[in-house]
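Peer 1: structure for this input, please:
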Amino acid sequence: MERYIDMKEVSDGKLYTANDMVKADCGGCQGCSACCQGMGTSITLDPMDIFRLCCGLHTDFSGLMVDKIELNIVDHLILPNLKMSVGINEACVFLNEEGRCSIHAFRPGICRLFPLGRFYEDDSFQYFLQVHECPKPNKSKVKVKKWLDTPELKKYEQFICDWHYYLKELQEQVEADLEKMKPISMEVLNRFYVMPYDGERDFYEQFYQRLCK
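Peer 2: Okay, here's the model as predicted:
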């Protein structure tokens, strides 16, 4: 989800790379689950997220659609997001009774990133710290790449960049002609989400094969 914001209002005024230290470590959250509640439809999922969830939960996209994810319009395209439970707190469906993430090992990229964000510019991106998002006090410094906890980080960052700008191009097409939203969205959903990935094969190889079609 692309947001147009004043960086001075939401960040510490700095941009970071994966090798920089940033004050984002909240010490394992220690029972806090504020970032897993009241998120609405904002946890948009990319193809890697679906690959991780399907492998981790031993299911497929249709299985996730039963009660774990849903579809919503994001910047003129229909994309999947994590579902929130029905209730006062509107918590993530993967939050357990102890207030801990039950899929932490294969949690989505946005969850790994928080409370960081991505600032896209010149066909690339850098990270920034969202200073008002996490209520946990006295956070300590941690290297960005350690915080992201993502194998083959350079490949992942390239994927994130390519996916972002691919969607941006499609979104601009739909914005120019709103009648294209459904056919373009269905093509994206079927090619990158619904069509199963082979859990025994490298995700990036499979993704770029689909992207090049």
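Peer 1: how about the helices in the protein?
Peer 2: In the chain, the segments counted as helices under DSSP state H are 7-10, 47-57, 61-67, 109-113, 144-148, 153-176, 181-189, 203-211.
Peer 1: so what touches the least confident helix or strand in the chain by mean pLDDT?
Peer 2: For the chain, using mean pLDDT, DSSP states H and E, the weakest element among its helices and strands is helix 7-10, scoring a mean of 76. By C-beta atoms under 8 Å, 6 or more residues apart in numbering, the list of residues contacting helix 7-10 from outside reads Gly13, Gly117, Phe119, Phe128, Gln130, Val131, His132. Where C-beta positions appear, they are placed from N, C-alpha and C, glycine not excepted.
Peer 1: among those, which are in strands?
Peer 2: Here DSSP state E is the test, and those give Gly117, Phe119, Phe128 as lying in strands.
Peer 1: mind saving the C-alpha coords of stretch 73-89 as PDB?
Peer 2: Output in PDB follows, covering the C-alpha atoms of stretch 73-89 (Å, rounded to 0.1, in the frame of the first residue of the first chain):
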ATOM      1  CA  ILE A  73      -9.000  -2.900  -3.300                       C
ATOM      2  CA  VAL A  74      -5.500  -1.400  -2.800                       C
ATOM      3  CA  ASP A  75      -4.600   1.500  -4.900                       C
ATOM      4  CA  HIS A  76      -7.000   0.500  -7.700                       C
ATOM      5  CA  LEU A  77      -6.000  -3.200  -7.600                       C
ATOM      6  CA  ILE A  78      -7.700  -6.100  -5.800                       C
ATOM      7  CA  LEU A  79      -5.100  -7.800  -3.600                       C
ATOM      8  CA  PRO A  80      -5.200 -10.100  -0.500                       C
ATOM      9  CA  ASN A  81      -4.700  -9.000   3.100                       C
ATOM     10  CA  LEU A  82      -4.600 -10.700   6.500                       C
ATOM     11  CA  LYS A  83      -8.000 -10.900   8.100                       C
ATOM     12  CA  MET A  84      -8.800  -9.500  11.500                       C
ATOM     13  CA  SER A  85     -11.100 -11.300  13.900                       C
ATOM     14  CA  VAL A  86     -14.600  -9.900  14.500                       C
ATOM     15  CA  GLY A  87     -14.800  -8.200  17.900                       C
ATOM     16  CA  ILE A  88     -13.900  -5.100  19.900                       C
ATOM     17  CA  ASN A  89     -10.100  -5.400  19.400                       C
END
